[in-house]
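# Attaching a predicted model along with its sequence, questions to come.
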Amino acid sequence: MSLKGYGKQLRIDLGEKQSKEEQLDEGLMRNYLGGVGYGSRVLFSELDEKTDPLGPENKLLFATGLLTGNNMPGGGSVEICFKSPLTGGWGESRSGGNFGPDLRKTGYDYVIFEGKSPEPVYIVLTDEGLEFKPAKNLLGKTIEEKTDAIREEMKDGKISIMCIGPGGENLVPYSTIMCDGRAAGRCGAGAVMGSKNLLAFVVKGNQELKVADKEKFRAAIRKAMKEVRKNPDSAEFKKHGTTGDIPGCDSMGDWPTKNWQSNSWGKGEILYGHFFENNLVRPNDCYTGCPVGCGRIIKVEDGKFKTPEHEGGEYESISAFTAFLLNEDMDCAVHCTYLCNQLGIDTISAGGTIAFAIECFENGLIDKNKTEGIELKWGDPDILPELVKKIANREGIGDLLAKGVRRAAEIIGGNAMDYAIHGKGLEAPGHDPRSGKALGVTYGTASRGMCHIHPLEGMLYDSGKVDFGLKPYGLQDPETIDRWDEKGKGKAVKILQDACILPDVLGNCKFMMYCGMTLDHFAEIISGATGWDMTVEELLKAGERIANLQKLFNLREGFGINEDQLPARMRQVPVFGTYSSEERCGINDYEMMLQEYYEARGWDEEGNIPKEKLKELGLE
């Protein structure tokens with residue numbers, strides 16, 4: 001009998017073309033809830049340290065959560081869990097869109113792909129069952145070409161599709177899985193999917209979720225939705241999206257520039273003005289029912305970077321192709337992020353790796369012989385589209401850059417590693433811990449590496465003064481701290497991580513927490529769905545358990561205290577820009593903050609988890 005509030009699980013053996021339906025265990029689900037929480041439990045139990053991320057023994061888990069659904073505020077989410085080919089550690093990637101809700105409508109909350117298909121296939125999951133479809137004809141096609149071909153073949157424009165592009169087919173370690181214009185972008189999920197000869201996953205269903213108390217469930221959703229709709233930040237997200245943060249981040253020293261040589265550029269306002277006036281077509285909801293609508297439909301009308309209307313233009317992607325590279329041509333940035341999405345590679349890693357390559361070229365570590373005559377220089381928009389294509393197709397210099405900054409620096413040698421800005425092998429995103437020190441701790445300790453999701457709670461707490469409703473649960477009031485203080489930041493990050501991992505556990509967009517939704521709302525919705533008497537304290541304990549399990553996953557892979565460090569450049573006072581003479585913005589004692597964090601977690605000085613802590617969390 002299915003649990004109230006949950007669907008079922010489906011295992012698909014691609015090599016044998018078989019599937020197995022499985023019921024979910026109530027005790028397991030109450031401990032791990034769903035999403036990346038349940039994904040952590042599955043992968044830790046079923047993989048080992050010898051698992052090749054691109055081998056058939058790796059697993060690719062599509063996970064939804066208790067708060068995934070078109071009727072939920074922020075319910076348009078799907079989480080993908082795997083061992084990362086980029087970092088060699090814990091891998092997860094989220095995509096917005098209708099795919100997550102539509103997967104739940106098939107009756108399944110979790111789908112686990114195992115093995116490797118002997119030939120290219122795509123999988124169709126509907127109320128009628130499961131189909132393996134030949135896909136050799138899709139090889140080499142862009143994301144849009146693949147999705148159009150599948151919809152034409154199935155004669156159905158309403159199916160939801162997640163697929164890989166040439167980047168995933170070519171096993172680029174930072175390739176993506178795309179859901180139309182939305183990306184499961186980080187850690188290389190696309191390469192794992194490509195390694196399995198799985199080109200696309202298609203879902204469509206009409207099943208209704210069965211909940212324990214329908215009236216309580218609906219009332220809790222209405223209450224949360226009302227809170228989000230009235231929050232002033234919701235209207236700002238609708239008007240400006242995430243890209244609207246560029247001017248503010250630039251002015252407050254939160255905009256990594258020229259491969260992290262600075263944390264500000266002074267060009268943010270002008271660049272965003274061009275974007276808003278010339279590239280923005282309209283706001284867009286990533287899934288049907290979103291109360292915020294932070295997505296953007298954008299274009300480049302004409303010129304050498306002419307680009308059709310498409311969904312894109314997020315803060316991180318645009319930052320990676322402007323400030324990272326000193327590129328002042330916004331039309332070029334829009335075009336390059338469009339190419340990344342069509343070819344299926346991560347915009348953040350692509351921009352960061354190109355910035356790394358430019359600095360290596362500037363310092364004589366690579367030359368025109370290596371780049372096939374391309375002169376890599378800061379602020380040159382004309383070279384960028386070509387480099388994106390070379391990376392996705394692994395052609396020429398693109399094959400080296402496709403490996404990511406850490407591996408490329410190892411191959412180049414010399415002092416190239418000084419220019420490789422990453423955490424655990426994942427290229428750094430578009431926020432800077434020299435704007436607020438809590439962000440540095442979250443960057444260093446985030447399970448999947450230096451990502452743009454889990455660190456954001458540190459940035460918003462420290463420099464944005466957002467408490468996420470966590471003051472009653474032990475979080476120091478952010479209004480009482482200075483963003484450049486270091487003492488106390490490790491302790492704060494522990495609470496922030498335990499709480500703010502929960503949207504990814506529950507299949508919910510984290511932006512809802514930025515717009516007034518709290519753990520109290522989560523607890524009420526879960527109680528109505530499952531019949532459990534869920535509390536915020538139990539949610540926080542689940543968040544702590546999941547964070548520790550992901551840490552165990554990485555420890556098993558050989559990660560230690562060295563993998564929790566920050567690059568030297570990220571800790572230093574910027575060499576130019578507004579904050580180049582502001583000594584306080586440099587990270588002076590990261591080790592103290594890290595040890596404070598370890599202590600708050602109950603770990604030892606090397607970041608190992610004692611047996612007593614494991615027993616407390618039920619992880620022994």
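Done, it's in.

# Excluding sequence neighbours, find me the nearest residue to K306.
Excluding the flanking residues, the one nearest K306 by Cβ to Cβ, 6 or more residues apart in numbering is V300, at 5.4 Å. Placement of C-beta: from N, CA and C, glycine included.

# Pretty sure that neighbour sits against V334.
Yes. Using Cβ atoms under 8 Å, V300 is in contact with V334, at 5.4 Å.

# Of those two, which one has the most company?
Neighbours were counted for V300 and for V334 using other Cβ atoms under 10 Å; V334 has more, 28 against 20.

# Quick one: list the elements packing against the one helix or strand the more buried one maps to.
Element membership for V334, per DSSP states H and E: helix 330-343. Packing contacts for helix 330-343, counted by 3 or more Cβ pairs under 8 Å, 6 or more residues apart in numbering; DSSP states H and E, involve helix 143-154, helix 268-274, strand 295-300, strand 307-311, helix 315-320, helix 347-362, helix 384-393.

# so which of those gets nearest N415?
Closest to N415 of those is helix 347-362 (Cβ to Cβ; 9.3 Å).

# buried residues in that closest one?
For helix 347-362, a neighbour-count test (16 or more other Cβ atoms under 10 Å) marks 347-361 as buried.

# same for it, what does it pack against?
Judged by 3+ Cβ pairs under 8 Å, 6+ apart, helix 347-362 is in contact with helix 315-320, helix 330-343, helix 384-393, helix 397-401, helix 405-412, strand 426-427.

# Would you tell me which one of these is buried the most?
Greatest average neighbour count among the helices and strands packed on helix 347-362 goes to strand 426-427 (a mean of 29), per mean count of other Cβ atoms under 10 Å.

# pretty sure N562 is in a helix, no?
Yes. Counting by DSSP: H, G, I helix; E, B strand; the rest coil, N562 is part of a helix.

# Check what pLDDT it gets.
Note for N562: predicted pLDDT of 98.

# Tell me how far it lies from I412.
In this view, N562 and I412 are 21 Å apart by Cβ to Cβ, to the nearest Å.

# Which stretches in the stretch 401-550 of the chain count as strands?
Secondary structure of the stretch 401-550 of the chain by DSSP state E, counting those that start in this stretch: the strands cover 422-423, 426-427.

# Out of those, which gets nearest to L470?
Nearest to L470, of all the strands of the stretch 401-550 of the chain, is strand 422-423, at 24.2 Å by Cβ to Cβ.

# check contacts around N415.
Listed by Cβ atoms under 8 Å, 6 or more residues apart in numbering, the contact set of N415 reads N363, L365.

# State the phi and psi torsions of it.
Here is the backbone geometry of N415 (degrees, to the nearest 10): phi -100, psi 30.

# Next: L66.
Here is the backbone geometry of L66 (degrees, to the nearest 10): phi -60, psi -20.

# Then T51?
With angles defined as degrees, to the nearest 10, T51 sits at phi -60, psi 120.

# same question, I345
When read as degrees, to the nearest 10, the backbone of I345 gives phi -130, psi 150.

# What helix or strand is the nearest residue to it once chain neighbours are set aside located in?
In this structure, I345 finds its nearest non-sequential neighbour in G167, 4.0 Å apart by Cβ to Cβ, 6+ apart. Using DSSP H and E, G167 falls within helix 166-169.

# May I ask you to confirm that K158 is in contact with V203?
No. Assessed by Cβ under 8 Å, K158 is found out of contact with V203, at 10.9 Å.

# how far does stretch 246-262 stretch from start to finish?
15 Å (Cα to Cα, to the nearest Å).

# So for it, what gets flagged as buried?
Neighbour count says stretch 246-262 has 246-247, 249-250, 252-262 buried, by 16+ other Cβ under 10 Å.

# ditto for stretch 531-542
Going by neighbour count (16+ other Cβ under 10 Å), the buried part of stretch 531-542 is G531, W532, M534, V536, E538, L539, L540, K541, A542.

# if I look at the closest residue to I411 other than its chain neighbours, how far off is N231?
Nearest residue to I411, sequence neighbours excluded (Cβ to Cβ, 6+ apart): L400, at 6.5 Å. For L400, the distance to N231 equals 46 Å [Cβ to Cβ].
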